[in-house]
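Student: All I have is the shape, not the residue letters:
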Ligand code: F6R
């Protein structure tokens, strides 16, 4: 949510910053803006709308050459997506003494700060919470002798809420200062140049050497030096890391859309998520599982906290983890968990699932769990992000960068990682014998190939999606692990096709939602396997008859060889036969393709759907 880039070095700052913003546009695309320092003067350009609007403006009204600059791509919170509300925000004064600031997050006490500034005669030129920071910095700077980092520290001490801030001052050319509390900010270390960004994707073209910043830190960048302190000015610890993927991973690689590329990458992503997990002793090993077996043996409840697609992955995992470990598993939306009084303690394992590792609702839920004394584990895709850093343990999903706003490969790999955690618990507690664990790991190891088979056969799904592009509503039903798949299929359609879509537990339909069925209502049915789940298959056939009798048009996602569904399905999408708990890994894929194709048919921007952003760093 909001992308931030800062650069100081030898290259043209504008080029580095704009190419970084292009990589971060998934974080928000309501407006974009840049500021550079050239010959001791600040120059700013900003424009509402996507980055291309800013690029056109820069074509008409170029910036001077400069080697220090910052840039921002916005997901609007305070104030609409206008030119005036676009970042950078600038303090009063002329180009030689105004300070420019960009921000990600929400400054919760901005109203109070704004009225203080107004009383002091400052005139605001935007409706944002961010602008107060520019004026406060300008106000404090003279008393610090023009030390931008010192001024930033003082300002941060007055702010509440979540923020990443980056500022430049024409009086300090060659210096970029950043600060972070709760929102992401990483440093890229180059030779004679340094970078700041919300995400390493912004600078991975230039360097793979990075530093994770901790909570409540201020960083000062010059071309040759990076200095990190806490908000009081004391030297602060930082953690260096190396980006383990290439810049090409953040490119479309010949696909028209990032989403298509990421759907296609799923076999590899699943394989990578599984790689290297079994040790020479034949036992499951999870890197960075910093909870020892004695602690895991003592756990009496698992609570999964997550949002959106990640919460659906948690729901899938509940079925498997309870089955394998016999430990009760609750799955709760992070935003709900945080603001009630959940029963968690030292014997509870709270698992936070997050692709980005920076979703604020999930982070706050995790912190709440830590405060209650729970053991915590993060399942995360983004190495170095906040959630895995704060949890006791982490299992990375290794899906590679996910750029399309709608999550695809992250979902499959979150399921894999959560299954691995379930098996690890079962191993530590001796709930499953080693041969049973080995059998399930073998089933998982088959999944990349099965997902590949699905991808080879999804062409009819595209035709189907185009055919239903004018539907007013699509319902999805599933049972057992097919239920969260139905929720996920509906979420994909809502966010991409902007269409009413709902997922239901198939057995629940008759308790109310069946009233939604009209003549011709498309109902997508995740059909359980007749082989591995015969009882559920029978029940689902009954549910299909119930909706058909009321005029529904059935699109069945069914296993190869399931002939009993055929007479009741208007359209049948076949997926390979897999063990029951593995079914979500194959049946979700056609639903991703369905939503992607339908959005394309409707002319929507698939990678950047309206009103959304990839990393939701506000509550
Ligand atoms: C849906 C989607 C969102 C995210 C949710 C959590 O396609 O992408 O629902 O799953 O915002 O994001 P992370 O996993 O980054 O915490």
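Tutor: The structure has been received and is ready for your questions. Nothing here was measured: the structure is a model prediction, and the numbers come from that model. Numbering: from 1, shown residues only.

Student: Quick check: residues of the stretch 351-500 of the chain near the ligand?
Tutor: Selection of the stretch 351-500 of the chain residues close to the ligand by CB under 6 Å from any ligand atom yields 354-356, 359, 362, 406-407, 491, 495. Bear in mind the C-beta positions are built from the backbone N, C-alpha and C, glycine included.

Student: mind listing which of those residues are in strands?
Tutor: Among those, the members falling in strands (DSSP state E) are residue 354.

Student: Could you list which residues are in contact with the residue of the chain found nearest the ligand?
Tutor: Closest approach of the chain to the ligand (CB to the nearest ligand atom) occurs at residue 308, with a separation of 1.8 Å. With contact taken as CB atoms under 8 Å, 6 or more residues apart in numbering, residue 308 is in contact with 407, 491.

Student: give me that answer again for 6 Å
Tutor: If a contact means CB atoms under 6 Å, 6 or more residues apart in numbering, then residue 308 has no contacts.

Student: Residue 202 too?
Tutor: Contacts for residue 202 were tallied using CB under 6 Å, 6+ apart; they are 5, 20, 23-24.

Student: Need the buried ones from these selected in ChimeraX.
Tutor: Buried residues within the contacts of residue 202, by 16 or more other CB atoms under 10 Å, are selected in ChimeraX with:
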select :5,20,23,24
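
Student: nearest to residue 322, of the contacts of residue 202?
Tutor: Minimum distance to residue 322 across the contacts of residue 202 is 38.8 Å, recorded for residue 24 (CB to CB).

Student: Tell me what the spatially closest residue to the closest one that is not a sequence neighbour is bridged to.
Tutor: Closest residue to residue 24 apart from its sequence neighbours, by CB to CB, 6 or more residues apart in numbering: residue 3 at 2.8 Å. Using DSSP bridges, the beta-bridge partners of residue 3 come out as residue 73.

Student: Residue 3: neighbouring residues, count only.
Tutor: Here the neighbour count serves as a burial measure; for residue 3 (other CB atoms under 10 Å) it reads 32.

Student: contacting residues for it?
Tutor: Contact partners of residue 3, counting by CB under 6 Å, 6+ apart, are 24, 27, 73, 198.

Student: again, only this time at 7 Å
Tutor: Contact criterion CB atoms under 7 Å, 6 or more residues apart in numbering gives 21, 24-25, 27-28, 72-73, 198 as the residues in contact with residue 3.

Student: what's the helix or strand for residue 101?
Tutor: Using DSSP states H and E, residue 101 falls within strand 100-107.

Student: Quick one: the helices in the stretch 501-619 of the chain, in order.
Tutor: When secondary structure is read from DSSP state H, counting those that start in this stretch, the stretch 501-619 of the chain shows helices at 534-548, 583-601.

Student: okay if I get the ones you listed as CSV plus mean pLDDT, distance to the ligand and mean neighbour count?
Tutor: Output for the helices of the stretch 501-619 of the chain, formatted as CSV (pLDDT from 0 to 100; distance: least, CB to the nearest ligand atom, whole Å; neighbours: other CB atoms under 10 Å):
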stretch, mean pLDDT, distance to the ligand, mean neighbour count
helix 534-548, 97, 25, 17
helix 583-601, 98, 9, 26
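
Student: ok, which pair from the contacts of residue 202 is furthest apart?
Tutor: By the measure CB to CB, these have their two most distant members at 5 and 23, which lie 8.6 Å apart.

Student: Please convert the contacts of residue 3 to JSON lines, extending it with secondary structure, distance to residue 402 and pLDDT.
Tutor: As requested, the contacts of residue 3 are exported to JSON lines (DSSP: H, G, I helix; E, B strand; the rest coil; distance: CB to CB, whole Å; pLDDT from 0 to 100):
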{"residue": "21", "secondary structure": "helix", "distance to residue 402": "18", "pLDDT": "97"}
{"residue": "24", "secondary structure": "helix", "distance to residue 402": "13", "pLDDT": "92"}
{"residue": "25", "secondary structure": "helix", "distance to residue 402": "14", "pLDDT": "88"}
{"residue": "27", "secondary structure": "helix", "distance to residue 402": "12", "pLDDT": "88"}
{"residue": "28", "secondary structure": "coil", "distance to residue 402": "16", "pLDDT": "87"}
{"residue": "72", "secondary structure": "strand", "distance to residue 402": "22", "pLDDT": "98"}
{"residue": "73", "secondary structure": "strand", "distance to residue 402": "17", "pLDDT": "95"}
{"residue": "198", "secondary structure": "coil", "distance to residue 402": "15", "pLDDT": "94"}
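
Student: Closest one of the residues you listed to residue 468?
Tutor: Looking at the contacts of residue 3 and their distance to residue 468, the nearest is residue 25, at 29.6 Å (CB to CB).

Student: Isn't the closest one up against residue 53?
Tutor: No. The pair residue 25 and residue 53 does not pass the contact test of CB atoms under 7 Å, sitting 11.6 Å apart.

Student: Those two: which is more packed in?
Tutor: Between residue 25 and residue 53, counted using other CB under 10 Å, the more crowded position is residue 25 (21 against 17).

Student: ok, of the contacts of residue 3, which one's closest to residue 167?
Tutor: Lowest distance from residue 167 to the contacts of residue 3 (CB to CB) belongs to residue 72, with 11.6 Å.

Student: Identify the residues contacting that closest one.
Tutor: Remark: with contacts taken as CB under 7 Å, 6+ apart, residue 72 is in contact with 2-4, 32-33, 87-88, 102.

Student: Sort the residues you listed by pLDDT and name the bottom one.
Tutor: By pLDDT, residue 2 ranks lowest within the contacts of residue 72, coming in at 90.

Student: Residue 102 is in contact with that residue, correct?
Tutor: No. With contact defined as CB under 7 Å, residue 2 does not count as touching residue 102 (8.0 Å).

Student: ok, residue 251 - how many residues close by?
Tutor: The number of residues packed near residue 251 is 15, by other CB under 10 Å.
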